[in-house]
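> Coordinates for the following, if possible.
(2 chains)
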Amino acid sequence: MTVTAELTQEQLLRGYRTMRTIREFEERLHIEIANAQIPGFVHLYAGEEAVAAGVCASLADTDWVSSTHRGHGHAIAKGCDVKGMMAEIYGRATGLCKGKGGSMHIADFRVGMLGANGIVGGGPPLVCGVGLASKVRGDGTVGVAFLGDGASNQGTFLESLNLSAIWKLPVVFVVENNGYGEATGQAYHQSVADTAKRADGFGLPGITVDGNDFFAVAEAAAEAIARARDGHGPTLLECKTTRFFGHFEGDTQTYRDLSEVTEARASRDCLVSFRARVTRAGLIDAGVLDAMDAEIRQLIDESVVEALAAPFPDASQLTTDVYIKY
Amino acid sequence: MNVVVGVVANAASGRDIRRLTTGASVFDNTEKGSMVARLMAGLGAAGVARVLMMPAGGGLAGTLLRRLETRRDEGPLPELELLDWRPTETPRDTLRAVAELRERGVAAIAVLGGDGTHRIVARGCGDTPLLALSTGTNNAFPELREATVAGLALGLVATGRGGPGAMRREKVLEVSLNGTVCDLALVDAAASSQRFIGARALWHAGDISELVVAFASPSAVGLSSIAGLLDPVGRHGPDGLHVRLCDPASPSATVRLAVPLAPGLVTEVGVEWYRRLRPGEIAQLAPGAGVIALDGERELELAPHDQVSIRLAAGPLTIDVDRVMLHAAQSGSLRSTVG
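Predicted coordinates:
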């Protein structure tokens, strides 16, 4: 069952591309949001990239992820089209959900993205459904639920831990512990320091890794996903990380000392550490990463230009694709 | 007599990847808090006046304070002072605490943790004696013991009643990267072909190419069990052991050995050669990219041109609890007059 933890060159390049794309996407949105052309709330993922990239490094298009209100990183890591995402966030007809979902509902079933989700703790039960379907069909599909430390207090999550454990579902719960449930520090909203400890009461393994370290996340996730795929049941994987921006765009963050972010950007930036380590190890040339950076910057530029030029959905489309008949 | 001892208890979770891959058990922070309370009962009975303790998060300090507050009158307790700073929950906390405890002149330091925590303490403790207590089943350096008795022994040593042979000199493996000492290990240092520190723990036998141990018992669990089952080296004897590993199926294997590499995991390894390492002698590791694991955790990522060498050197002083308690029995230091 044990997987070889060695990452291939392709996985390394893909990991960096994913993290850099998420960072550029989010840093750009942070600027664009000030132009007041983006409807609805936006929650940025910058700082937490290593989690989405590290976990999705071991997933295929046929595997499924459920996401959160902070979903852009998961969508990019799972392979959603970046231009389609940007257009969606701008509410345009060319968006992945035809401009009707916005930031908090980006979904693309073609690549196994069940959708960002405005309901805190809404993802874990969906992923239990994925796991059950996989078991019934016997197709080896794995479901991963991303959730935050705040969501780890929700009944939906705790019930999902129980259900997945008793049915040995092929799922992984990834808690992105950024230390805050919205504006409430972790020590004020839960009585355990490691959310992974929640697993003990339900009889599944819970482990904690450094969520700012792509290699730590990728290795632990590879193991947990292989375990799920091989029929050994669910895992709770806690990744401790830092969000660089507020809970939502516009959050004044009076609840935290912003030196926390300055310090994290200076010493725990997943992209800086990744670059330093792969170049020192002689695995990837810095020039290759520079070229990738430029290419991604251009992609994000184009995605904003194209989104702004795209039409809004027509009023006649108001109720199409919104309701489903059973 | 105002005797002060230090306590370093690592609040880090121990919820590492071994929980997925093997069955290692660890004590949680609640149990660690209780252990410190029981340690303090022993220290109080032995006449220690004050305990200085590293600040600890993760509910450890909270549990300890609750235990002390709800304790019934069961004998003297030392006064507890938590060092006054906010822990970062990184190894820096341990280094900082050890430096401060030494500066404050503690008679000895009780360490509650695994091999990793003890390794960090050993980097900074100088000749301040250590009481090495294990908080899990996967450790070779600290001992798994009841904290009350350990506290009594520590208290007897701190108050000058430890008797002869109360302290032992440990060995360490001094690790040099390109000629400069950069770290140390207390039990074992291993070279692995993995490229990154990743999830830290080392448990893929096939990736490990070389192993150097300071001591190795045939009944140990972990990497050092390889050396322990080949050629046991005593903890307080002079030598270490250097082992070159290979695929058990390869023709260069001279020995094939089943070893308990981690709790719940017995696996076969191949051995190309092994030799004793004398005190002060340097083991030069074969060059090549990979990582170096110290006491079972990947710590050092190597570039292809990096050179790593390991020297067997003198390490910290630790308290021999059995010896101290035997002396207490023989000298009557815990007896009081009858009638």
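> Could you list the low-pLDDT ranges of the chain?
Picking chain A for this. A:1-5 (pLDDT under 70).
> nope, chain B please
B:1, B:12-15, B:22-26, B:58, B:137, B:339.
> Up against chain B, what does the stretch 51-200 of chain A have?
A:191-194, A:196-197 (CB under 8 Å from any CB of the partner chain). C-betas here are computed from N, CA, C, even on glycine.
> By neighbour count, which of these wins?
Greatest neighbour count in those, by other CB atoms under 10 Å in any protein chain shown, goes to A:Ala196: 27 neighbours.
> Surely it forms part of a strand?
No - per DSSP: H, G, I helix; E, B strand; the rest coil, A:Ala196 lies outside any strand segment and is helix.
> wouldn't it be in contact with A:Glu238 here?
Yes - with contact defined as CB atoms under 8 Å, A:Ala196 reaches A:Glu238; the gap is 4.0 Å.
> which residues are common contacts for these two?
A:175, A:206-208, B:15 (CB atoms under 8 Å, 6 or more residues apart in numbering or on different chains).
> Just the buried ones among those, please.
A:175, A:206-208, B:15 (16 or more other CB atoms under 10 Å in any protein chain shown).
> want to throw these into JSON lines with distance to B:Ala45 and secondary structure?
Shown next, in JSON lines, are those (distance: CB to CB, whole Å; DSSP: H, G, I helix; E, B strand; the rest coil):
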{"residue": "A:Val175", "distance to B:Ala45": "43", "secondary structure": "strand"}
{"residue": "A:Gly206", "distance to B:Ala45": "38", "secondary structure": "strand"}
{"residue": "A:Ile207", "distance to B:Ala45": "39", "secondary structure": "strand"}
{"residue": "A:Thr208", "distance to B:Ala45": "37", "secondary structure": "strand"}
{"residue": "B:Arg15", "distance to B:Ala45": "34", "secondary structure": "coil"}
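> could I get these as a markdown table with distance to B:Gly59?
Below are those laid out as a markdown table (distance: CB to CB, whole Å):
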| residue | distance to B:Gly59 |
| --- | --- |
| A:Val175 | 18 |
| A:Gly206 | 16 |
| A:Ile207 | 18 |
| A:Thr208 | 14 |
| B:Arg15 | 13 |
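> ok, so of those, who is nearest A:Lys78?
For these, the residue nearest A:Lys78 by CB to CB is A:Val175; the value is 17.8 Å.
> Can you classify B:Pro279 by secondary structure?
coil.
> Is it in contact with B:Leu312, as I believe?
Yes - when contacts are counted by CB under 8 Å, B:Pro279 is listed as touching B:Leu312 (5.7 Å).
> shared neighbours, the two?
B:171, B:239.
> So if I had to pick from those two, which one is more boxed in?
More crowded of B:Pro279 and B:Leu312, by other CB under 10 Å: B:Leu312, with 25 against 13.
> Spatially nearest residue to that one, not counting backbone neighbours?
Nearest residue to B:Leu312, sequence neighbours excluded (CB to CB, 6 or more residues apart in numbering or on different chains): B:Gly240, at 4.4 Å.
> For beta bridges, what are the partners of the one you found?
B:Leu277 (DSSP bridges).
> Next up, the contacts around it.
So B:Gly240 contacts B:171, B:173, B:212-215, B:233, B:276-277, B:312 (CB under 8 Å, 6+ apart).
> switch to 7 Å and redo it
Applying CB atoms under 7 Å, 6 or more residues apart in numbering or on different chains to B:Gly240 gives the contacts B:171, B:173, B:212-214, B:233, B:277, B:312.
> Which of these sits closest to chain A?
For those, the residue nearest chain A by CB to the nearest CB is B:Val212; the value is 22.5 Å.
> tell me which element the closest one is part of?
Mapping B:Val212 onto the secondary structure by DSSP states H and E places it in strand B:208-213.
> Tell me the gap between that strand and the middle of its chain.
19 Å (CA atoms, centre = their mean, to the nearest Å).
> No further questions, thank you.
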